[in-house]
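*Asks:* quick one, what's the 3D model for this:
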Amino acid sequence: MSMRTQVLGFVDVMMRVPPIMVIDEILKIGMGLPTRLYPDKVSPTDAVTTTTTTTTTTPGTGHMEASTNTDTFSTIKAFFGMGSEETTSSAAAAAVSAVTSSMSNSSSQEILEKTIENASKSAHANGLLSNNFNTLIDELAHDGMLSDILSITTIKFVICLLGFFSAACIFMLWTRHLVMVYMFLTSLGLSFLSYWSNVSALALMENSPCILQDLMSMNTTRLLDSGGVVMSLAPHIIAQWFMGMLFAYIHLGPRLAIVQKMMPIIFTSPILIAMLPLPPYIVEKLPVVAGITPILLTKITLVQSAMEASRTVYNGYQYAMNFVSNFGLSALIENEWQRLNVPNVLRLFWTIRIMQGTYALVTAETDVPLELFPAIEKLLVDGCETLTAVLGMTGVISMVCHYIGRGFQWYLLTYDNDEEKSLGTVSAVLFYILALQTGLTSLSPDKRFVRLCRNMCLLVTALLHFLHNIVSPILMSLSAARNPSRKRHVRALSVCAFLIFMPVGLLYYLWAHHSPSTWLLAVTAFSVEVIVKVLVSLATYTLFLLDARRQFFWEKLDDYLYYVRAFGNSVEFCFGILLFINGAWILVFESAQNATGGAIRAIMMCIHAYFNIWCEARAGWSVFMKRRSAVHKISALPEATPAQLQAFDDVCAICYQEMYSAKITRCRHFFHGVCLRKWLYVQDRCPLCHEIMMYTDKPEDSAPDADPAAAAQAEQPIRIYPRDDANNGGATRRTPDRVAEAAADVAATSSSNAATAATAAHSDNASEAAASATVTASSSSSSGSYMSASGQAPPSTATSAAAVATAAASNTTHIFRLSQEQQ
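*Replies:* This is a model prediction of the structure:
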């Protein structure tokens, strides 16, 4: 990616941040609805008691806890320079008295005025707002008409709703339209900024001597005075000139050549004309006259762009509908998510918000020195105040988790793990769901920080699960590939050690500093589950290493692996049931004040119950029944004797390992018992000839009118056919005499194969004869009309393809016994 592309991408992200900030401010005021900021706060009487007298204890545990929390928060406010304890107490008492008096007053005008006045006084006393803003709030509080309008809840809600949707629509615009919107808003802002600058400059010139006379008389003493009027007006003149040039460049109205050239002079004209000896009433109107031209151009732009804006919204709607009809809703969401670059926008928004909070803390006038940890606590509390702020924090956490996964991936010397790619996304979704479940934005600041720390602990345990999912396949590949590199083994084992000691240390710290609770129980269950999963992976890794160092086939390996994994899955299933019970307890007894969080928790519990409990139990039971059925089927098959194995002298067609013990199927094929049991988990047909290995009915019952010749052929003793090892370089090659014997046995088995062997016997090489007989038998069994002895239909195409691929890769040339129907 070139530097130009990166810069343009960053500019696009920057342009989408202001709409998010507007949405955040609208959510701060609760969409204009009269809601309480912190519903879990104590009552006004308790607040006054706990604020004025910290040593007084009210009866009841809940009141004692409220007193402690209020005292703690007041200490934090005093520590950050937001007012001493006396000012904080007086502000709280004033607010409580205002609320009490407003409840007894029926006039909405007085309620609004007193509320705004007390909020302004409290903010001014705590150093949160500037004097100019406090003055503006006081003026608005005494404006009767404005108070009457804003006191109507419906109008406030409608205004906030329009602002919310307007900001959302601006955020979703294409980059070209977004640039046009910012050009229009910038031109409008330049018009008002020019007006305010002209008004300020005329105020400086109001009581000063005439500048024109000083220029005419060349009064350099007064003109060059650093504190004089001329030097004070110079920045205003320069700013007006540059604002005029910028407005002429970016405005979207009619671009007349003479107006474009005159725009800097129009912006500067009030200051230049005010230098003339004019009456005061004329000078006062100059900023308005100068602002007519830019405002008129902006209005023309607005009228001309109204139709285009409507057309753009309609085209966007048509594009979305067509995209959904062609590719689906999920594809549209994914496409728009990538186009808008939502994660980077949210991260930049949250970073700017934190930087604003940091600047406010650093520049706050206080005698107490600023410390690091209380400042971080204050910033984190403010960083999850609204839903948009939580989304921004989610984006930052997603990036941090992503790079943690990348770091572990680099340490493990692997770069193609899909688990790491989804680590950031899943961690972000998990954190946001936890924030919604616990009602993080509706808590008071002191309780919000505690809840945030608890959610972080749950996120850390989930991150450990993902790290285990990264290292577990690497362990299995190292053990199966017999990798001689000890460096990769040591790194993988060190990560496993970290995944064991990290949750142990976390649990030790949490249980030492916190009393037992539902949250602590959930963290404990997740941590113990991580430890069990790591131990199961290490046990599997050890078994594979032991199997790699054995010289003979280890038939008990599959049983040991099954027992180890069954133990791990059983523990995970038990913890899943425990977490479901824990969540049900929280839903019933601890989520009464958070209806939204309770609903989300109920949905997540249903998802957990279905996927992590029901589906896992059904899958485990299915595996158990398949294994049990396979064991019964394998036990019904005859065991090969040492003489038969010696006469067979071949490897297992499934695992390609030497056979020191084997099972003989009904179709006279030899396999390891363990390998055949695994094959029976998938299907009941032979891997080589596709014949059903197990019949539920007896042949004489299912086919009473069968041909006596076929019955006699089925009762023939088992014949052991040797293989041709021409393609197996590592095996012992057959002599021509044994190959000839094999060809003779084939000729004695069936008439068609005898003819083939007789035809090939005239060739110069006996091995070619055996190969020809084998190919003929294989082609006749595969291309002929396949009909099993039980009369069932042939297997499906996918099953046949898998079995044929297995038989082709086995490098064996077994001669298949043909049934009477095939002949």
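
*Asks:* do you know how far residue 278 is from residue 654?
*Replies:* Separation of residue 278 from residue 654 (C-beta to C-beta, to the nearest Å): 105 Å. No exception for glycine: its C-beta is placed from N, CA and C like everyone else's.

*Asks:* list the contacts of residue 13.
*Replies:* 341, 344, 345, 348 (C-beta atoms under 8 Å, 6 or more residues apart in numbering).

*Asks:* circling back: neighbour-wise, which of residue 278 and residue 654 wins?
*Replies:* Looking at residue 278 and residue 654 with other C-beta atoms under 10 Å, you find the greater number of neighbours at residue 654, namely 18 against 11.

*Asks:* tell me the secondary structure for that one?
*Replies:* Secondary structure of residue 654, reduced to three states by DSSP: H, G, I helix; E, B strand; the rest coil: coil.

*Asks:* I figured it hits residue 676, correct?
*Replies:* Yes: with contact defined as C-beta atoms under 8 Å, residue 654 counts as touching residue 676 (7.3 Å).

*Asks:* any stretches of the stretch 451-600 of the chain with poor pLDDT?
*Replies:* Using pLDDT under 70 as the threshold, the predicted model of the stretch 451-600 of the chain has low-confidence ranges 482-484.

*Asks:* what about 90?
*Replies:* Per-residue confidence of the stretch 451-600 of the chain (counting by pLDDT under 90) places the weak regions at 473-488, 519, 544-562, 583-600.

*Asks:* where along it do the helices fall?
*Replies:* In chain order, the stretch 451-600 of the chain shows helices spanning 486-513, 518-548, 557-589, 595-608, with DSSP state H, counting those that start in this stretch as the criterion.

*Asks:* nearest to residue 262, out of those helices?
*Replies:* If you check each of the helices of the stretch 451-600 of the chain against residue 262 by C-beta to C-beta, helix 595-608 wins as the nearest, at 57.6 Å.

*Asks:* got the CA positions of the closest one in PDB?
*Replies:* Output of helix 595-608 as PDB, limited to C-alpha atoms (Å, rounded to 0.1, in the frame of the first residue of the first chain):
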ATOM      1  CA  ALA A 595     -33.900  -4.700  31.900                       C
ATOM      2  CA  THR A 596     -31.900  -4.400  28.700                       C
ATOM      3  CA  GLY A 597     -28.900  -6.300  30.200                       C
ATOM      4  CA  GLY A 598     -31.300  -9.000  31.500                       C
ATOM      5  CA  ALA A 599     -32.800  -9.500  28.100                       C
ATOM      6  CA  ILE A 600     -29.400  -9.800  26.400                       C
ATOM      7  CA  ARG A 601     -28.300 -12.200  29.100                       C
ATOM      8  CA  ALA A 602     -31.400 -14.300  28.600                       C
ATOM      9  CA  ILE A 603     -30.600 -14.500  24.800                       C
ATOM     10  CA  MET A 604     -27.000 -15.400  25.500                       C
ATOM     11  CA  MET A 605     -28.100 -18.100  27.900                       C
ATOM     12  CA  CYS A 606     -30.300 -19.600  25.300                       C
ATOM     13  CA  ILE A 607     -27.500 -19.600  22.800                       C
ATOM     14  CA  HIS A 608     -25.100 -21.100  25.400                       C
END
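
*Asks:* following it, which helix or strand comes up?
*Replies:* Tracing the chain C-terminally past helix 595-608 and defining elements by DSSP states H and E, one meets helix 616-636 next.

*Asks:* contacting residues around that next one?
*Replies:* Taking C-beta under 8 Å, 6+ apart as the rule, helix 616-636 contacts 562, 566, 569, 572-573, 576, 663, 673, 676-678, 680-681, 684, 693-694.

*Asks:* next: stretch 261-276.
*Replies:* Where contact means C-beta under 8 Å, 6+ apart, the residues beyond stretch 261-276 that reach it are 194, 198, 201-202, 205, 210-212, 215, 233, 236-237, 240-245, 247-248, 283, 286-287, 289-290, 293-294.

*Asks:* so which bits of that stretch are buried?
*Replies:* Under the neighbour-count criterion of 16 or more other C-beta atoms under 10 Å, stretch 261-276 has 263, 264, 266, 267, 268, 269, 270, 271, 274, 275 buried.

*Asks:* could you do stretch 424-431 as well?
*Replies:* Neighbour counts over stretch 424-431 (16+ other C-beta under 10 Å) mark 424, 426, 427, 428, 430, 431 as buried.

*Asks:* and what of stretch 504-517?
*Replies:* Along stretch 504-517, the positions that meet the burial threshold by neighbour count (16+ other C-beta under 10 Å) are 506, 507, 510.

*Asks:* any idea which element residue 177 lies in?
*Replies:* Secondary structure assigned from DSSP H and E places residue 177 in helix 175-204.

*Asks:* list the helices and strands that helix packs on?
*Replies:* Helix 175-204 sits against helix 3-15, helix 229-250, helix 257-274, helix 280-327, with contacts defined as 3 or more C-beta pairs under 8 Å, 6 or more residues apart in numbering; DSSP states H and E.

*Asks:* among those helices, single out whichever gets nearest to residue 392.
*Replies:* Between the helices and strands packed on helix 175-204, helix 3-15 lies closest to residue 392; by C-beta to C-beta that is 12.7 Å.

*Asks:* same question for whichever helix or strand comes after the closest one, mean pLDDT?
*Replies:* Note on helix 3-15: by DSSP H and E, the next helix or strand toward the C-terminus is helix 17-28. Along helix 17-28, the predicted local confidence has a mean pLDDT of 91.

*Asks:* what of stretch 429-438?
*Replies:* If you average the pLDDT over stretch 429-438, you get 91.

*Asks:* tell me which residues of that stretch come out buried.
*Replies:* Residues of stretch 429-438 classed as buried by neighbour count (16+ other C-beta under 10 Å): 430, 431, 432, 433, 434, 435, 436, 437, 438.

*Asks:* what is the nearest of the buried residues of stretch 424-431 to residue 555?
*Replies:* Of all those, the one sitting nearest residue 555 is residue 426; the distance, using C-beta to C-beta, is 39.6 Å.

*Asks:* possible to save the buried residues of stretch 429-438 as TSV with secondary structure and distance to residue 156?
*Replies:* Formatted as TSV, the entries for those read as follows, by DSSP: H, G, I helix; E, B strand; the rest coil; distance: C-beta to C-beta, whole Å:
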residue	secondary structure	distance to residue 156
430	helix	35
431	helix	32
432	helix	28
433	helix	31
434	helix	32
435	helix	27
436	helix	25
437	helix	29
438	coil	29
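
*Asks:* and which of those is nearest residue 12?
*Replies:* Top of the list for closeness to residue 12, among the buried residues of stretch 429-438 and by C-beta to C-beta, is residue 432 at 24.0 Å.

*Asks:* so that closest one sits right up against residue 388, yeah?
*Replies:* No: with contacts counted by C-beta under 8 Å, residue 432 stays clear of residue 388, the gap being 11.6 Å.

*Asks:* for the stretch 251-400 of the chain, give me the ranges with low pLDDT.
*Replies:* Residues of the stretch 251-400 of the chain that meet the cut-off, pLDDT under 90, sit at 251-261, 269-291, 293-317, 319, 328, 330, 360-374, 385.

*Asks:* nope, the stretch 651-800 of the chain is what I was after
*Replies:* When the per-residue scores of the stretch 651-800 of the chain are filtered using pLDDT under 90, the ranges that remain are 651-669, 671-800.

*Asks:* go again using 50 as the cut-off
*Replies:* Within the stretch 651-800 of the chain, the ranges that satisfy pLDDT under 50 run 696-800.

*Asks:* re earlier: export the buried residues of stretch 424-431 as TSV, with columns for distance to residue 601.
*Replies:* What follows is the buried residues of stretch 424-431, written out as TSV (distance: C-beta to C-beta, whole Å):
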residue	distance to residue 601
424	24
426	18
427	19
428	19
430	14
431	15
